[in-house]
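**Student:** give the three-dimensional model of this entry:
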Amino acid sequence: MEIKKRTFILWALTFVFFFIVANSINGSAFGQTQDGCFAKGSPHSPLSGVLFSAGSGPLEIENQVVVPACSAVTLSPQLSVRAEDVGKRATLLMYVFLPNTAQGYLFQRPVEALSSVQDFDFFGGAIDLSGATGLNAIFYYGYQLDDTRELVYNAYSFKVVAPILSDYQPPHGAGTIDGPAGGGGIGPWALRLRIARSSDGLSFTKKDTYLTDQADVSDLVVDDKGWVYAYYVGWTMGEETNKIGVAISFDDGEHWVYKYVNIDGAEGKIPPVDPDVVILQDGTFRLYVTYSSEEGAGPYTYYAEGTNGVDFQLKGKAFGDNGAMVFDPSVVKIGNTWHLYAWDLHGTSTDGTLFTPEKQLKLSTSDGHGVIISNVIPVSGGYRAYCYDPMTMQSIYSFFTRDGDNWSEEEGTRIDLEEGELESQMVKEAAVVRLKNGSYLMLYSTKIP
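**Tutor:** Take a look at the predicted model:
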């Protein structure tokens, strides 16, 4: 984009341009939004402004937002206003440039007093991007001070990729080992994955929503686009039973699409379960599962890899020997060493593909609960493990480490069982991830009341 346009020389454009671009983006041309496919079409956190001066070069676009074409998208970026500008009169400006057509559209709105974090909601609601695969845009947004005419702005690129739609609809209510009707017993057919949120990763608030029923042993990861992937073992999943699935969210876990996970090479009689996923630096999704490829052997931890978070190729055994059975792996890289935790088993690796057994890891809380690790995430100064007591399953605890070997209990509990309409009997297998906006999302298993 040319900075002659970048200088917003279209200041004189009127409200008609708002009407034109709103109808070019938000109209029947893109069809109807698919249920459940919503996205945030803005940067995940406020961005600091750049002061424009005459003759300056183009602003390098470092922030990219990618959304699927099935989405209803909210486009309302936020800009961190300079301290000296807070409270001043200004004109908010958003310039949308379409590189493929070299067209640009300007939006503007006067404000009496700038906020410290200024919202740029020019569209007034979600925009339907169904059918818009391949759309590219650059959003320049900022403000011009009324008194000095200084312009402060930032930018991000916006890309619409192929639609991502659900393979199945998640079940509601309990099932049985014989089918989806009825209930009884403790297993994924009787369990629910409930959602909780936190600002600090310690104090969680349970939400009146849940990811799915008939599911257990979840794991969460976030890719570089900010998309959230929730892996789990599902019981009734459309036409499939007892299979690993992944729910993908494009808006920080508010809405989800549901996909089958395909693992090429894992076609044994007993399907892979207990998913744990790590996203490598090159974007590869590495999936660890509980699996046995040999009749009567194991189960062990195997690993598979893929590029899209849905389709994987089985690579081989990662952990397990001497006849010991391995369940529920949780893998994290600490420094240059990969650590795998599976109940009280502990293994280490230099590359995360083959783990050597270490001394058994036995963690206990101050009030005498022997706990096992279900998830480990990086936090400030080290790493946090979310744990539960497999004998009582009444609370989620957490422990802290700097090296992966020595752990200290963190005070209190993260969540506790609350018998009611949404959960009963147990809370266990917590999975936690830090979102791009800095908050924390938790999934945990509970019994369907």
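
**Student:** let's verify the residue located most distally from the centre of the chain: helix, strand, or coil?
**Tutor:** Distance from the centre of the chain peaks at D147, with 42.5 Å (CA atoms, centre = their mean). Following DSSP: H, G, I helix; E, B strand; the rest coil, D147 is assigned to coil.

**Student:** hmm, it is touching E84, no?
**Tutor:** No: contact criterion CB atoms under 8 Å: D147 and E84 do not qualify, at 11.7 Å. (C-beta placed from N, C-alpha, C; glycine too.)

**Student:** okay, buried residues for stretch 97-108 please.
**Tutor:** 97-98, 104-108 (16 or more other CB atoms under 10 Å).

**Student:** start and end of it, how far apart?
**Tutor:** In stretch 97-108, first residue to last residue: 15 Å (CA to CA, to the nearest Å).

**Student:** please work out the average pLDDT along that stretch.
**Tutor:** Here stretch 97-108 scores 94 as its mean pLDDT.

**Student:** give me the distance from stretch 363-370 to the chain's centre.
**Tutor:** 31 Å (CA atoms, centre = their mean, to the nearest Å).

**Student:** got the contact list for that stretch?
**Tutor:** Outside stretch 363-370, the residues within contact range by CB atoms under 8 Å, 6 or more residues apart in numbering are 362, 371-373, 385, 387, 389, 391-392, 395, 397, 399, 407, 409.

**Student:** quick check, nearest of these to F38?
**Tutor:** Closest approach to F38 among the contacts of stretch 363-370 (CB to CB): A385, at 32.0 Å.

**Student:** mind telling me what element the closest one is part of?
**Tutor:** Counting by DSSP states H and E, the element that carries A385 is strand 382-388.

**Student:** again with F327
**Tutor:** Applying DSSP H and E, one finds F327 in no helix or strand.

**Student:** any idea how far the residue nearest to it when sequence neighbours are not counted lies from P329?
**Tutor:** Closest residue in space to F327, ignoring its immediate chain neighbours: T290 at 5.4 Å, by CB to CB, 6 or more residues apart in numbering. Using CB to CB, to the nearest Å, we find T290 at a distance of 7 Å from P329.

**Student:** show me the contacts for Y386.
**Tutor:** So Y386 contacts 373-377, 396-398, 414, 430-432, 442 (CB under 8 Å, 6+ apart).

**Student:** how about 7 Å then?
**Tutor:** Counting by CB atoms under 7 Å, 6 or more residues apart in numbering, Y386 touches 374-375, 396, 398, 414, 430, 432.

**Student:** roughly how far apart are it and G283?
**Tutor:** Taken as CB to CB, the span from Y386 to G283 is 25 Å.

**Student:** S157 and I138 touch, don't they?
**Tutor:** Yes: applying CB atoms under 7 Å as the test, S157 and I138 come out as touching, 5.4 Å apart.

**Student:** what sits in contact with each of these two?
**Tutor:** Shared contacts of S157 and I138, counting by CB under 7 Å, 6+ apart, come down to I61.

**Student:** can you pull out the strands in the stretch 101-250 of the chain?
**Tutor:** Per DSSP state E, counting those that start in this stretch, the stretch 101-250 of the chain carries strands over the ranges 103-111, 117-119, 127-128, 136-145, 151-161, 191-198, 204-213, 215-222, 228-237, 240-249.

**Student:** determine which stretch of those strands is the most buried.
**Tutor:** Mean neighbours per residue, mean count of other CB atoms under 10 Å, is largest over those for strand 228-237, with a mean of 26.

**Student:** how many neighbours does the residue nearest to F327 have?
**Tutor:** 25 (other CB atoms under 10 Å).

**Student:** can you pull the buried residues of the helix or strand hosting it?
**Tutor:** Under the criterion of DSSP H and E, T290 resides in strand 285-291. By neighbour count on 16+ other CB under 10 Å, the buried set for strand 285-291 is 285-291.

**Student:** of those residues, which pair is most distant in space?
**Tutor:** Largest separation among the buried residues of strand 285-291 by CB to CB: F285 and T290, giving 17.5 Å.

**Student:** run the chain-centre distance for stretch 434-448.
**Tutor:** Centroid separation for stretch 434-448 versus its chain: 9 Å, with CA atoms, centre = their mean.

**Student:** next: stretch 388-401.
**Tutor:** 23 Å.

**Student:** can you list contacts of that stretch?
**Tutor:** Under CB under 7 Å, 6+ apart, the answer for stretch 388-401 is 363, 365, 369-372, 374, 382-387, 407-410, 413-417, 426-430, 444.

**Student:** so where is the stretch 101-250 of the chain shaky, pLDDT-wise?
**Tutor:** Confidence mapping of the stretch 101-250 of the chain against pLDDT under 70 gives the ranges 178-185.

**Student:** the closest residue to G347 other than its chain neighbours and Y288: what is the separation?
**Tutor:** Take G347 and drop its neighbours on the chain: the residue closest to it by CB to CB, 6+ apart is F355, 3.2 Å away. According to CB to CB, F355 stands 10 Å off from Y288.

**Student:** identify the contacts common to these two.
**Tutor:** What both F355 and Y288 touch, as defined by CB under 7 Å, 6+ apart, is the set A318.
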